[in-house]
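# return atomic coordinates for the entry below.
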Amino acid sequence: MKSIVSAPGGKSYILPFILVTSLFLMWGLAHGLLDVLNKHFQIAFTMSKAQSGLVQFSTYIAYGLISIPAGLFMKHFGYKKGIILGLMLYAVGAFSFLPAAYMHSANPFLIALFVVACGLCVLETAANPYSTVLGPSKNAAQRINLSQSFNGLGWILGPLIGGQLILGAPAGDTLALTKPYMILGVATLLIAMAFFFTKLPDIKEKEDSDVPQTSDLAASMWKYKHFILAIIAQFLYCAAQTGIFSFFINYVTELDATITPLKASRFLAFGGMLLFMIGRLSGSFIMAKFAANKLLTFYGLACVICMILVVLQLGQLSLYALYVTFFFMSIMFPTIFALGIARLGIHTKKASSYIIMGVAGGAFAPMLMGYIGEQNMAIGFIVPLICFLYITFFGSKGYKM
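Residues are numbered from 1 along each chain as shown. As a prediction, the model looks like this:
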């Protein structure tokens, strides 16, 4: 642990790394709750599957709109101020759920989710690259996967907490939606205070000898094909992940009519999300022995096979394949990110904001999957199948400089 979070001169970055890693947990919780909201909105507001995709749209579209401004903010004010800004936006959005509960409409909740997502976008734009530079460059992918494993823990706790407080609430409890977000709002403010009073290194990316230094930063950055292909890969990965997470409950309840939405949310937490976290934890250590791109290729191919089984609806086999997909998806976001910004030197901060912008893929996949799978949810999983095919290509060929 110490060796992967130490500066070349021997200075330890353990405390900054721990604080930054806590952010991965917080946005994992926020994203994990979305998958419960998706099913809840179908019931509470009489929405179709495609309409309930607005939950994810209102969240992930923020990444497409805010990533570039977030990157510019980081460029001028540094990582620490960016993190504090992200946490404050997160808290404002979370506390907005309380007044939204009294309006008896989905729209105020969607607006509150958008504000939360703006904060998440700023946090991810700051924390992902910050994690990669808190130690030797050769351990960047390993370090970010370790941080992202706590994001996986958040994905487990999100459906578990949300399922109990929201899906498990008595009928007519209009404040059920607010409870988990009030908890998150308070926790976010406490973390913001910890960052405010803690001295953190504002690490400057050094110029890479392989990167031509030109006065036009944006122009030189776009000369790197691996960076452009990484944006596409991240867009498609987030589309696949969000779609699978969003309609897991629908798929399981349709596959077995005896399973209730509340029970399915527990399957999501203790089955899928637990495998997701295990995948990220193990991925960090597996990458110490295998090249990141090779692991991405193998995991991408495994996801393609799993999605074929899911679409075919082969009973328990398809359900197990859906679970296993969570494990193989686990390393994709941080690995695509690390491969995409590799050896970009002074372009790292700005390039990272463009790759984070790829998270907007999650805004469109749920609505598309919901539309395709309105009568049969399994057919909708053709969308992530196509996404994983491209990611397999990126891991095998597209990552190269």
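# now do the contacts for W27.
Y90, L120, L123, E124, N151, G154 (Cβ atoms under 8 Å, 6 or more residues apart in numbering). Yep, even glycine has a C-beta here, placed from its N, CA and C like the rest.
# which parts of the stretch 51-200 of the chain are strands?
With DSSP state E, counting those that start in this stretch, there are no strands along the stretch 51-200 of the chain.
# the helices in it, which residues?
54-95, 97-101, 106-133, 140-162, 178-196 (DSSP state H, counting those that start in this stretch).
# mean pLDDT for those: which is lowest?
For these, the weakest mean pLDDT is recorded on helix 140-162, namely a mean of 81.
# just give me how far that helix sits from the chain centre.
9 Å (Cα atoms, centre = their mean, to the nearest Å).
# not counting its neighbours along the chain, what's nearest G64?
A360 (3.3 Å; Cβ to Cβ, 6 or more residues apart in numbering).
# surely the one you found is in contact with L236?
No: using Cβ atoms under 8 Å, A360 makes no contact with L236, being 11.2 Å away.
# shaky segments in this protein?
1-11, 171-174, 202-219 (pLDDT under 70).
# how about TSV for the helices of the stretch 51-200 of the chain, with mean neighbour count and distance to F298 added?
Output for the helices of the stretch 51-200 of the chain, formatted as TSV (neighbours: other Cβ atoms under 10 Å; distance: least, Cβ to Cβ, whole Å):
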stretch	mean neighbour count	distance to F298
helix 54-95	22	27
helix 97-101	18	41
helix 106-133	24	22
helix 140-162	25	15
helix 178-196	18	35
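# out of these, which is closest to L29?
helix 140-162 (4.2 Å; Cβ to Cβ).
# all helices for the stretch 201-350 of the chain, in order.
217-221, 225-246, 248-255, 261-267, 274-286, 292-312, 316-329, 332-340, 348-357.
# and S396, what does it touch?
Contacts of S396 by Cβ under 8 Å, 6+ apart are N293, T297.
# likewise for F95?
Taking Cβ under 8 Å, 6+ apart, one finds Y181, M182, G185 in contact with F95.
# how close does it sit to A360?
Using Cβ to Cβ, to the nearest Å, we find F95 at a distance of 25 Å from A360.
# about what we covered before: and the helices of the stretch 51-200 of the chain: which comes nearest F276?
For the helices of the stretch 51-200 of the chain, the distance to F276 is smallest for helix 140-162, at 4.8 Å, taking Cβ to Cβ.
# just the angle between that closest one and helix 248-255, please?
Relative orientation of helix 140-162 versus helix 248-255 (axes from the mean of the first three to the mean of the last three Cα atoms, to 10 degrees): 60 degrees.
# measure how helix 140-162 sits relative to helix 316-329, angle-wise.
130 degrees.
# tell me what helix 140-162 is packed against?
Secondary-structure packing of helix 140-162 (3 or more Cβ pairs under 8 Å, 6 or more residues apart in numbering; DSSP states H and E): helix 14-44, helix 106-133, helix 178-196, helix 261-267, helix 274-286, helix 332-340.
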